[in-house]
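Visitor: starting from these lines, generate the structure:
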Amino acid sequence: TVIEAFSMLEDDSLQYFIVGHGNDLSFLQLVAERCGVNNRVHFMRGVGDSELISLYRQCEAFVLPSGKEGFGIVFLEAMFFGAPVIAAREKGAMDVVQDGNTGLTVEFGDTIAIKGAIERIVADTELREHLRANGRSTVVEGGPFTFSRFTRRCAEVFEMVDSTAG
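Guide: Coordinates of the predicted model:
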């Protein structure tokens, strides 16, 4: 759906990078070709940490409207490196991405909404910077997804369990 949405964007100077390994590579390459954007969709495998960090920092938006994320680790990673996030309103993404605050959310499978979210982030510098800053604040300096907050929440849960065990 992202490739299809990407093909509908008016700005044909934008590039889309798909990073990682998976069994869908040949299928996604066919979709990019069918949509006429195979020259602007780049499949990157075996990307090292420094290159991945660079990609996050340079991107206009990190777009992963998946319906299968058990938890939003990849969104937190993107936020840490300052990438504005677009996610589906599904499963684990909803624990991490707050629409209009730490990212934009769309209905899973809604190509038109994905296109619209990409266009909003690309066109609106203020929104883009707002999402960058708020996303990053969730994973640094006491944000809800920092290690210190995680350990505090665990301690609270364990103390509740311990006090009821007696």
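Visitor: going forward, measure contacts between C-alpha atoms and count neighbours the same way
Guide: Noted.
Visitor: longest helix anywhere in the protein?
Guide: The single longest helix within the chain, with elements called by DSSP state H, is helix 147-165.
Visitor: quick one: contacts for residue 31?
Guide: Residue 31 makes contact with 3, 4 under the criterion CA atoms under 8 Å, 6 or more residues apart in numbering.
Visitor: typo on my end, residue 47
Guide: Residue 47 neighbours (CA under 8 Å, 6+ apart): 19, 20.
Visitor: ok, it to residue 144 distance?
Guide: Between residue 47 and residue 144 the distance is 29 Å, computed by CA to CA, to the nearest Å.
Visitor: so what does the longest helix of the chain touch, helix or strand wise?
Guide: If contacts are counted by 3 or more CA pairs under 8 Å, 6 or more residues apart in numbering; DSSP states H and E, helix 147-165 sits against no helix or strand.
Visitor: mind exporting it as CSV, just the C-alpha atoms?
Guide: Extracted in CSV, the C-alpha atoms of helix 147-165 (Å, rounded to 0.1, in the frame of the first residue of the first chain):
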residue,chain,number,x,y,z
PHE,A,147,14.9,2.5,30.2
SER,A,148,14.4,4.4,33.4
ARG,A,149,10.7,4.7,32.9
PHE,A,150,10.5,1.0,32.0
THR,A,151,12.3,-0.1,35.1
ARG,A,152,10.0,2.1,37.3
ARG,A,153,6.9,0.6,35.7
CYS,A,154,8.2,-2.9,36.2
ALA,A,155,9.0,-2.1,39.9
GLU,A,156,5.4,-0.7,40.3
VAL,A,157,3.9,-3.9,38.8
PHE,A,158,6.2,-6.2,40.9
GLU,A,159,5.3,-4.3,44.1
MET,A,160,1.6,-4.7,43.3
VAL,A,161,2.1,-8.4,42.8
ASP,A,162,4.2,-8.7,46.0
SER,A,163,1.7,-6.8,48.1
THR,A,164,-1.2,-9.0,47.0
ALA,A,165,0.8,-12.3,47.4
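Visitor: ok, residues contacting that helix?
Guide: Residues outside helix 147-165 that contact it (CA under 8 Å, 6+ apart) are 142, 143, 144.
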